[in-house]
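Asker: Based on what follows, work out the 3D shape:
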Amino acid sequence: MIIHRFRVAVCAAAVLLAAPALADECRTQAGMETVAVDGRVVAGTRLVVAAGPQSLVLVPDDFGWRFEVQDTEGRQLPIVVAPSRPPGAAIADLHGFSFRNAGNTGPSPAALADPVTITFHFGLSARDPLQHPELNIAPGTPAAAGADSFGTVSLRLLDYGLADLAPGERARMVYVSFTGCVGWSVAQTDAGVGPGLDFLPEEIEYFGGCGLDLSRYELSAFFAPRVLGADIDGDGAHDMIAAVVQGEPRGVAVCRAGTYLTLLGFPGEGPDLPFEPGFLPALEAWSVAPPGTTGFGFVGEPPWPAADGDVIVLERIEKAMVLLFMQGGQFEIQSVYRYVEP
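Answerer: Okay, here's the model as predicted:
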């Protein structure tokens, strides 16, 4: 049995297209270049779509296709999927079972969207393969090959077909057609896209998709790096941390796996952690403690915490240091030293 999405003719072969279908939506932004893309593909066929200095690749497998993004030399770039809210309402691939519910008796929540969209980020700045070996990026990938790259793929499905739809079966996708937009960061002569303090549109979108109310809060970097990457809960998924403001009050937003948002420093909006008054608004530096760290050697420093994942070091340089971490699934802090009143 095959179910069809929309009434569009089924294609008979894979084709390579780059059409202006989304020309009005695929506009170039400061620090970014974009290109509109279209594609159609049938089961078992590989599709490569040229998109600026990289290629979007649909790699066939038993249940449909998985996405790859490759650079000009054919090297695979890391991909980060930021799930939409609520959890489970996003599709990160073109596998038939992703479009069906757990019992294979009806569509999944994401497949009920109209239109069905897929969005993911790519590039070495999106996720560091040295810190996240689960990406299966080949060891020794040279940092020079797009070390500052950051891009986004946004696709809208026009038509698709699913097979193996009986309860208990594992659904597969047998054809798909789509249109969309691929954007990527480019170097600027007057401002650095990578290390600067101005947030990229994709970063703002990422935190908004994680649940940050952008009508109430604004991403506002205190210092570089403007976004800190870590695995604070130890689940193997990428987490991102950024500074936010709500008028005068300043705090920190933690987005875990693109899905779970925690606000720190805003009473009533997150866990009530015992930060000293004024500590978060006066932050001057942050970093992820290197693996194996057990302390910094300060006099009277408490034992290193038994954290679930990475430990974040928050500093007022030469004034105070606080560790932010998760323990037993809960956010905790621990003071390392304080030389002056925060």
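
Asker: Could you report the pLDDT at residue 237?
Answerer: Looking at residue 237, its pLDDT stands at 80.

Asker: next one: residue 169
Answerer: Looking at residue 169, the pLDDT reads 95.

Asker: Name the nearest residue to it, sequence neighbours excluded.
Answerer: residue 104 (5.7 Å; C-beta to C-beta, 6 or more residues apart in numbering). Yep, even glycine has a C-beta here, placed from its N, CA and C like the rest.

Asker: ok, now which ones touch that neighbour?
Answerer: Contacts here follow C-beta atoms under 8 Å, 6 or more residues apart in numbering; on that basis residue 104 touches 97, 165-171.

Asker: and if you look at residue 256?
Answerer: 232-233, 235, 237, 239, 262.

Asker: rerun at 10 Å
Answerer: Contact analysis of residue 256 by C-beta atoms under 10 Å, 6 or more residues apart in numbering lists 210, 230-233, 235, 237-241, 262, 309, 326.

Asker: Mind picking the two most distant members of these?
Answerer: The distance between the two most remote of the contacts of residue 256 (C-beta to C-beta) is 17.3 Å, for 210 and 309.

Asker: So these two - more neighbours on which side?
Answerer: In this view residue 210 and residue 309 are compared by other C-beta atoms under 10 Å, and residue 210 has more residues nearby, 23 against 19.

Asker: so who does the closest residue in space to that one that isn't next to it in sequence touch?
Answerer: Nearest residue to residue 210, sequence neighbours excluded (C-beta to C-beta, 6+ apart): residue 255, at 3.9 Å. Neighbouring residues of residue 255 by C-beta under 10 Å, 6+ apart: 82, 206-212, 227, 238-242, 261-262.

Asker: Show the pLDDT at residue 255.
Answerer: Residue 255 is assigned 93 on the pLDDT scale.

Asker: Might you calculate how far the helix or strand containing it sits from the centre of the chain?
Answerer: In this assignment (DSSP states H and E), residue 255 forms part of strand 250-256. A distance of 15 Å separates the centroid of the chain from that of strand 250-256, by C-alpha atoms, centre = their mean, to the nearest Å.

Asker: helix or strand right after that strand?
Answerer: Taking DSSP H and E, what comes next after strand 250-256 is strand 260-264.

Asker: Run the angle between that following strand and strand 250-256 for me.
Answerer: 160 degrees (axes from the mean of the first three to the mean of the last three C-alpha atoms, to 10 degrees).

Asker: Would you agree residue 263 is in contact with residue 245?
Answerer: No. Residue 263 is beyond contact range of residue 245, at 11.5 Å (criterion: C-beta atoms under 10 Å).

Asker: returning to what we had before: given the strand holding residue 255, what are its sheet partners and their directions?
Answerer: Counting by DSSP bridges, the strands paired with strand 250-256 are strand 239-245 (antiparallel), strand 260-264 (antiparallel).

Asker: Pick the most deeply packed of the ones you listed.
Answerer: By mean neighbour count, with neighbours taken as mean count of other C-beta atoms under 10 Å, strand 239-245 ranks first of those at a mean of 22.

Asker: Tell me the one among the contacts of residue 256 nearest to residue 318.
Answerer: Using C-beta to C-beta, these come closest to residue 318 at residue 241, 22.4 Å.

Asker: and the residue nearest to residue 254 when sequence neighbours are not counted, what does it touch?
Answerer: Closest residue to residue 254 apart from its sequence neighbours, by C-beta to C-beta, 6+ apart: residue 262 at 4.5 Å. Residue 262 is in contact with 210-211, 232, 239, 241, 252-256, 269-271, 326, 331, counting by C-beta under 10 Å, 6+ apart.

Asker: try residue 322
Answerer: 273-276, 279-280, 283, 286, 312-316, 333-338, 342.

Asker: filter those to the buried ones?
Answerer: Among those, the ones that count as buried by 16 or more other C-beta atoms under 10 Å are 275, 279-280, 283, 286, 312-316, 333-334, 336-337.

Asker: correct me, but residue 120 touches residue 152?
Answerer: Yes. Applying C-beta under 10 Å, one finds residue 120 in contact with residue 152, separated by 7.4 Å.
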